[in-house]
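Trainee: Sequence and predicted structure are below.
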Amino acid sequence: MLTSNKYVANGFAFGILLVLVTASCTKPAEPTVKKMKAGQEYAGFLKDYSRLAPNPALDGDVKTFSQPNADNNLRNYIAVIVDPVDVYLASDADGTKLPEKTRAAAANYFRAALTQAVFDAFPVVDQPGPLVLRLRAALIGVEDGKGTPAADKPKQDDDVLERAADIAKVGVEMELVDSATGEQIAAMVDREPLGKGAVVASSHMSRDDKSAEARAAFDEWASRVRMFLNRSHELSSTDADRVVASYKPYGASPTTK
């Protein structure tokens, strides 16, 4: 079972963040809804899966890739665009039983979680350009959940969804691409199952008790993205040795031979 994300702020701050993320976009965040093909390991969302490999530094069933080319390394980038999150339904899901409002609730919360996790590593911007990354993400395998009984739905409460989204078997696919060239700079696939009880039941997940496990899952996935970025920013031992060797304290006399 996934644990809560230590990087995510409290519910009040998170609600503010969600408003800011939505307001910063030139267009409203409307998730693209697609469907997994039966028997496929991956959704086909990423530009390239061939270089993914298990990452023992991250908990769970995680595969990652990071561009080793010095000119296209993550350390060279200075900002990031966080795209609206795509949603892929499970191959046997009934799309007619999963309203757009439900899918949008899951997509918007996860986008806010990703923004919260990366914004102090890369300033979040809304325009592509040189040295700007684009973070693309998709929720994979969302299933239609149970409807909300009329007796359980408060009157005049638009936040409660008519039908929940079941994310017990959901995974995520994410990649960072160069916003100018589209080249894949890094990628991650996270497939740890959540188990029963993980549902998106409200359009405002940050304050909905029934969506608590789903929140914890989205927050944890986002925190793993941040840990991956942190490790990708770390200098190799060779580079670290070069930095130490080149360090000259202010005022030190040059070495003469």
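Mentor: Okay, I see it.
Trainee: quick one: low-confidence parts of this protein?
Mentor: Confidence mapping of the chain against pLDDT under 70 gives the ranges 1-33, 69-72, 145-159, 193, 195, 197, 232-257.
Trainee: Flag every buried residue along the longest helix seen in it.
Mentor: As assigned by DSSP state H, the longest helix anywhere in the chain is helix 212-233. Across helix 212-233, burial judged by 16 or more other Cβ atoms under 10 Å covers 213-229, 232. Yep, even glycine has a C-beta here, placed from its N, CA and C like the rest.
Trainee: all strands of the stretch 51-200 of the chain, in order?
Mentor: Taking DSSP state E, counting those that start in this stretch as the criterion, the stretch 51-200 of the chain contains strands spanning 53-54, 62-66, 79-82, 86-89, 132-147, 160-166, 171-178, 184-190, 199-202.
Trainee: Next one: residue 51 from residue 163, what distance?
Mentor: In this view, residue 51 and residue 163 are 38 Å apart by Cβ to Cβ, to the nearest Å.
Trainee: quick one, which of these two is more surrounded?
Mentor: residue 163 (17 against 14; other Cβ atoms under 10 Å).
Trainee: Against residue 170, how distant is residue 112?
Mentor: Residue 112 is 17 Å from residue 170, by Cβ to Cβ.
Trainee: ditto for residue 199
Mentor: 11 Å.
Trainee: who has more neighbours, the two?
Mentor: The neighbour count for residue 199 versus residue 170, taken as other Cβ under 10 Å, is higher for residue 170 (28 against 24).
Trainee: mind listing what the closest residue to the more buried one other than its chain neighbours touches?
Mentor: Closest residue to residue 170 apart from its sequence neighbours, by Cβ to Cβ, 6 or more residues apart in numbering: residue 141 at 5.0 Å. Residue 141 is in contact with 36, 88-90, 169-171, counting by Cβ atoms under 8 Å, 6 or more residues apart in numbering.
Trainee: I'd like the residues you listed as CSV, with distance to residue 137 appended.
Mentor: Listed next are the contacts of residue 141 as CSV, based on distance: Cβ to Cβ, whole Å:
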residue, distance to residue 137
36, 16
88, 11
89, 16
90, 18
169, 17
170, 12
171, 11
